[in-house]
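> this one's sequence-less:
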């Protein structure tokens, strides 16, 4: 769900509008209003880039959340996934989407932590 166009270099801190909107909807639907608002605020910024001939759902946004907040998002998505796995009437598509989102958010927090030692502020990136 992160940048996947061949003309756009992959960066773990760049998420598609679709990935952010889905994360927002899942968090809001599972009583994580504060985290949902944090994600929604990322969508209020100007897109970093829109691939050529793409619609607005393919807009790309540079995510500037703190590692602690990203960790909470990962935790909330993991709990949702675990709950779905224990539900006999689960929807496999939702599980696949949550798994993909978790991977994207984990890549982001790893990137934030790797770059925190170089003296750069992630918020200013």
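Okay, I see it. Here the structure is a predicted model, which means the values were calculated and not measured.

> what does the lengthiest helix in the chain contact?
Across the chain, the longest stretch assigned as helix under DSSP state H is helix 92-115. Here helix 92-115 makes contact (C-beta atoms under 8 Å, 6 or more residues apart in numbering) with 1-2, 11-13, 15, 19, 22-23, 26, 63, 65-67, 70-71, 73-74, 77-78, 80-81, 84-85, 122, 125. All C-beta spots, glycine's among them, are computed from the backbone N, C-alpha and C.

> Pull out the buried residues from the residues you listed.
Taking 16 or more other C-beta atoms under 10 Å as the criterion, what is buried in the contacts of helix 92-115 is 1-2, 11-13, 15, 19, 22-23, 26, 63, 65, 70-71, 73-74, 77, 80-81, 122.

> So which of the residues you listed belong to helices?
Reading helices off the buried ones among the contacts of helix 92-115 with DSSP H, I get 19, 22-23, 26, 70-71, 73-74, 77, 80-81.

> Could you export those residues as a markdown table, including pLDDT and distance to residue 34?
Converted to a markdown table, those look like this (pLDDT from 0 to 100; distance: C-beta to C-beta, whole Å):
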| residue | pLDDT | distance to residue 34 |
| --- | --- | --- |
| 19 | 96 | 19 |
| 22 | 97 | 18 |
| 23 | 98 | 13 |
| 26 | 97 | 14 |
| 70 | 98 | 14 |
| 71 | 98 | 14 |
| 73 | 98 | 11 |
| 74 | 98 | 15 |
| 77 | 98 | 15 |
| 80 | 96 | 16 |
| 81 | 94 | 20 |
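
> Residue 42: which of those is nearest?
Of all these, residue 42 sits closest to residue 23, with 9.2 Å by C-beta to C-beta.

> tell me the pLDDT at the residue with the largest distance to the centre of the chain?
The C-alpha centroid of the chain is most remote from residue 88, which lies 27.0 Å away (C-alpha atoms, centre = their mean). According to the prediction, residue 88 has pLDDT 84.
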